[in-house]
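J.: Got a predicted structure here, sequence first:
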Amino acid sequence: MLDELFDILRIPSVSADPAFAVDVSRCAEAVAASLKSAGASNVEVIKTPGHPIVFGEYQTSVDAPTVLVYGHYDVQPPDPIDLWDNPAFEPIIKVTDKHPEGAIFARGSCDDKGQMFMHVKALEAMVSQGDVPCNIKFIIEGEEEVGSSHLDDFIESNKEKLSADVVLVSDTGIFANDTPSITVGLRGLSYVEVEVTGPNRDLHSGLYGGSAPNPINILAEMISSLKDEDQRITVDGFYDDVLELTSDEREAMARAPFSEEAHKASIDISAHEGESNYTPYERMSIRPTLDVNGIWGGYTGDGAKTVIASVATAKISMRLVPHQNHETITKLFTKHFKKIAPSSVKVKVTEMHGASPAITPTDSPAYHSAALAMKHTFGKEPIPVRSGGSIPIVASFERILGLKTVLFGFGLDSDAIHSPNEHYGVFNYFKGIETIPHFYTHFAQLHEK
């Protein structure tokens, strides 16, 4: 099971970079082959205007409930490459403080190849035992890391093919290996690229400095103004639709075993930042955010080059909470960003992608099935938690198919997803494979009642 995962991790399926398009397609074929080997039928690699979607299914009985398993085989770029301890697409196992039994270090090990592959291996295990309690359908895409831009159209066109009773997704995590949890909420996302243009070419900073507008300086000033002294976002209307939790809900969240000191130590910071009226845990889960994800312009090579750049650019992401709408937020941001620009420059805002926030119920047979499965394998009840991340397709499944999603992840916050040295615990990988079949057993029983 490790060797087969390693084979898939070795494929650099970076969806954001066209240079890896062949590898993305190759990974789709590898995932399809693994599904067939596990016992799935009707396995297809389906072309889209972007990267392929892999579909497969296992039919056990017309009377059994159907679970739609979603995952993605595409990964984030490995950059910055020089910060990896091992090549990003050459997986190795190393012991860490959080993973004394070893962790798999590779891009995609946790997000999401390792977690997606747990479901393939769980199916294989159930088939080998002749005990598959539910019908299972798989939809595994190659564009999650770039916004799942073609998946909605695919779902709209294949409603019958994807019909099910619930969606099961492992692209989230647990609190700790001795503290299981189930994610019951996700933040949405508005992602934009901003471009500030000044003079028609790069200028000599001595001959023109002091008079010509400097787009890098101006962009930095504009970005700085997007938050006030209390770290609240200053975009007009940004908080109008934010769902505020009640004091009881916040008290319930506070019971989660979150240690501020341990969290600071895990990312080597001396203090948290954010809105003063909220705890760090709340800021990372139930509050909206605005962050610069990349910024560039001018000369960045070795040595000195005294120029005033013609253009400065930045990528900005805004994590959203219920009931914020990503399209509305993008429009509000665009209007605000253009309004605060001085007349000496031109501003362009490009929408990259977006996602809606999502909340999943804790009183459904599917949630109870997941909780019972975790209790069986971990020996304790899982804690319901809110996640700060976004999975765009969760809202799409509900809007298009009318299906709720159970977020059944096994990663840890310390697994460095999207960062150098991403890893996934060997314990977590096998614990997922062990736990998933119990979900199907309980869901088949509870769904009948």
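T.: Received, thanks.
J.: And the helix or strand of the chain with the lowest mean pLDDT, what's buried?
T.: Between all helices and strands in the chain, the lowest mean by mean pLDDT, DSSP states H and E belongs to helix 247-254, at a mean of 82. Using 16 or more other C-beta atoms under 10 Å as the test for burial, helix 247-254 gives residue 253. Where C-beta positions appear, they are placed from N, C-alpha and C, glycine not excepted.
J.: Can you spell out which helices and strands pack onto that helix?
T.: helix 280-283 (3 or more C-beta pairs under 8 Å, 6 or more residues apart in numbering; DSSP states H and E).
J.: Identify each buried residue in the helix it packs on, please.
T.: 281-283.
J.: Just give me the closest of the residues you listed to residue 233.
T.: The nearest member of these to residue 233, counting by C-beta to C-beta, is residue 283 at 12.2 Å.
J.: now that closest one, nearest residue through space, not along the chain?
T.: residue 274 (3.8 Å; C-beta to C-beta, 6 or more residues apart in numbering).
J.: pretty sure that neighbour contacts residue 288?
T.: No. In this structure, residue 274 is not within contact of residue 288 by C-beta atoms under 8 Å, at 10.9 Å.
J.: element containing the residue of the chain most remote from its centre?
T.: The C-alpha centroid of the chain is most remote from residue 207, which lies 46.9 Å away (C-alpha atoms, centre = their mean). In the assignment (DSSP states H and E), residue 207 maps to helix 205-208.
J.: Any idea how far that helix is from the middle of the chain?
T.: The chain centroid and the centroid of helix 205-208 are separated by 44 Å under C-alpha atoms, centre = their mean, to the nearest Å.
J.: Pull out the buried positions in whichever helix or strand comes after it.
T.: Remark: after helix 205-208, the chain's next helix or strand is helix 215-224, criterion DSSP H and E. For helix 215-224, the neighbour count (16+ other C-beta under 10 Å) marks 215-216, 218-220, 222-223 as buried.
J.: same check, this time on stretch 259-267
T.: For stretch 259-267, by 16+ other C-beta under 10 Å, it's residue 263.
J.: Can you tell me what sits against that stretch?
T.: If you take C-beta atoms under 8 Å, 6 or more residues apart in numbering as the criterion, stretch 259-267 is touched by 270-272, 279-281, 413-414.
J.: do that again at 6 Å, thanks
T.: Stretch 259-267 is contacted from outside by 280, 414, using C-beta atoms under 6 Å, 6 or more residues apart in numbering.
J.: Could you export it as CSV, CA atoms only?
T.: Taking Å, rounded to 0.1, in the frame of the first residue of the first chain, the C-alpha atoms of stretch 259-267 are listed here in CSV:
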residue,chain,number,x,y,z
SER,A,259,-2.9,25.2,22.6
GLU,A,260,-1.9,28.6,21.5
GLU,A,261,1.7,28.1,22.8
ALA,A,262,2.0,24.7,20.9
HIS,A,263,0.6,26.3,17.8
LYS,A,264,3.1,29.2,17.9
ALA,A,265,6.0,26.7,18.5
SER,A,266,4.9,24.5,15.6
ILE,A,267,5.4,27.4,13.1
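J.: what about residue 411, how many neighbours?
T.: 25 (other C-beta atoms under 10 Å).
J.: tell me the contacts of it?
T.: Counted by C-beta under 6 Å, 6+ apart, residue 411 has contacts 110, 173.
J.: ok, now how distant is residue 16 from residue 114?
T.: According to C-beta to C-beta, to the nearest Å, residue 16 and residue 114 sit 20 Å apart.
J.: I meant residue 130, not that one.
T.: For residue 130 relative to residue 114 (C-beta to C-beta), the value is 27 Å.
J.: Of those two, which one has the most company?
T.: residue 114 (29 against 6).
J.: For that one, which non-adjacent residue is closest in space?
T.: The nearest residue in space to residue 114 (C-beta to C-beta, 6+ apart) is residue 424, at 4.2 Å.
J.: returning to what we had before: now the residue nearest to residue 283: phi and psi?
T.: phi 140, psi -180 (degrees, to the nearest 10).
J.: Assess the claim that it and residue 231 are in contact.
T.: Yes. With contact defined as C-beta atoms under 6 Å, residue 274 and residue 231 form a contacting pair (5.2 Å).
J.: need the strands for the stretch 201-350 of the chain, in chain order.
T.: Counting by DSSP state E, counting those that start in this stretch, the segments of the stretch 201-350 of the chain that form strands are 203-204, 291-297, 307-308, 311-320, 346-355.
J.: now these as JSON lines including mean pLDDT and mean neighbour count?
T.: Formatted as JSON lines, these follow (pLDDT from 0 to 100; neighbours: other C-beta atoms under 10 Å):
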{"stretch": "strand 203-204", "mean pLDDT": "97", "mean neighbour count": "16"}
{"stretch": "strand 291-297", "mean pLDDT": "97", "mean neighbour count": "14"}
{"stretch": "strand 307-308", "mean pLDDT": "96", "mean neighbour count": "21"}
{"stretch": "strand 311-320", "mean pLDDT": "97", "mean neighbour count": "21"}
{"stretch": "strand 346-355", "mean pLDDT": "93", "mean neighbour count": "17"}
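J.: mind putting these in CSV, distance to residue 163 included?
T.: Putting these into CSV (distance: least, C-beta to C-beta, whole Å) gives the following:
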stretch, distance to residue 163
strand 203-204, 61
strand 291-297, 37
strand 307-308, 59
strand 311-320, 29
strand 346-355, 23
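J.: which intervals of the stretch 101-250 of the chain have sub-threshold pLDDT?
T.: Within the stretch 101-250 of the chain, no range satisfies pLDDT under 70.
J.: hey, what's residue 227 bridged with?
T.: residue 233 (DSSP bridges).
J.: circling back to that earlier point, what count of nearby residues applies to the residue nearest to residue 114?
T.: Residue 424 - counted by other C-beta under 10 Å - has 32 other residues nearby.
J.: Also the one 4 residues further on?
T.: By the measure other C-beta under 10 Å, the count of residues near residue 428 is 28.
J.: Nearest residue to it in space, ignoring adjacent ones along the chain?
T.: residue 410 is the one closest to residue 428 (C-beta to C-beta, 6+ apart), at 4.4 Å.
J.: and the nearest residue to residue 124 once chain neighbours are set aside, what are its phi and psi?
T.: Nearest non-adjacent residue to residue 124, counting by C-beta to C-beta, 6+ apart: residue 38, 3.8 Å away. Residue 38 adopts backbone torsions of phi -80, psi -20, taken as degrees, to the nearest 10.
J.: Nice, that's everything, thank you.
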